[in-house]
Structures are given as C-alpha cells and as structure tokens.
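Asker: predicted coordinates and the sequence they were generated for:
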Amino acid sequence: MNKTILITASILGILGIILGAFAAHGLKQLITSEAIQTFETGVKYQIYHAFFLLIIGTSNYVQKKFKTIIFYLTLIGIIFFSGSIYGLATNDLSGFDFKTIGFITPIGGLLLIIAWVILLINFLKMKKDNN
C-alpha cells in the first residue's frame, strides 16, 4: 500500500504543478482573475494533499488499515474537491455546465476533513511512546 500511496502522491504533485502553471499562463487570457483564483484554490488543496499522502506513505506511525482508509478518502476528496473546482473555474470554456455537479465540491472537502480525522484517531489509538 505504501508504494501505491507514494506513486499517487507523486502523480498528484506533478499534476498540481502542471495545472498551476496552466492556470498562471494558459488560462490567464481565457477566464477572469476571480476564476483563476478559484482554480488556484483547487491546485493548492491538491498540492497540500499530495504532501499529506507522501507523509502517510512514509510514516511508520500510521497503521496499515488507517493508511488505506486515508488514501481512498484523500484521493476521492481531491477528485471531488479540486476536480470540481477546476471545472467550475473553467465552466465558460467547456460545453458541460459544471454548476450542475458543483454539489460535489463540499463532499470532497468533507472527505478530506474525514481523512485528517482518521489520522487523528490513529494517533489517539497509539500506545504511549516512552521516547
């Protein structure tokens, strides 16, 4: 599972950098500055959670069962949260009305919060470290 988490984190990081550059340069003339800021919010959360997964994937302090749950919650959360934000920010450029699926943005955010809560639960269940 660690390898899967680390590969996914790397891919999310790479895509985050590409999308951030695309927003700064490719979208600059195509959408409003407010839409660019919205798009960049999606990029920030994607990058933050790529780092989150890197930490989870390399940590010996997170139990395997919690790693699996955190991984899937984070991955689906990023797809829902950042993915829908990307769509909403570029809504005028596509033939699909992303406003119809805008309700998944807060669901994605909730999944990301739950992933962090699961991490907290993992730590609370740890035996006391004497170091």
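Answerer: Nice, thanks for sending it over. Worth saying up front: this structure is predicted, and the values here are computed from it rather than measured.
Asker: by contact count, what packs against the host helix or strand of Thr41?
Answerer: Element membership of Thr41, judged by DSSP states H and E, is helix 33-58. Judged by 3 or more CB pairs under 8 Å, 6 or more residues apart in numbering; DSSP states H and E, helix 33-58 is in contact with helix 2-21, helix 64-89, helix 104-125. For every residue, glycine as well, the C-beta is placed using N, CA and C.
Asker: list the buried residues in that helix.
Answerer: 35-36, 38-40, 42-43, 45-47, 49-50, 52-54, 56-57 (16 or more other CB atoms under 10 Å).
Asker: please identify the most buried of the helices and strands packed on helix 33-58.
Answerer: Ranked by mean neighbour count, the helices and strands packed on helix 33-58 are led by helix 64-89 with a mean of 20 (mean count of other CB atoms under 10 Å).
Asker: now do that one, average pLDDT.
Answerer: What helix 64-89 shows for mean pLDDT is 96.
Asker: from here on, count from 313
Answerer: From this message on, residue numbering opens at 313, which makes the last subject helix 376-401.
Asker: what about that helix, distance to the chain center?
Answerer: A distance of 5 Å separates the centroid of the chain from that of helix 376-401, by CA atoms, centre = their mean, to the nearest Å.
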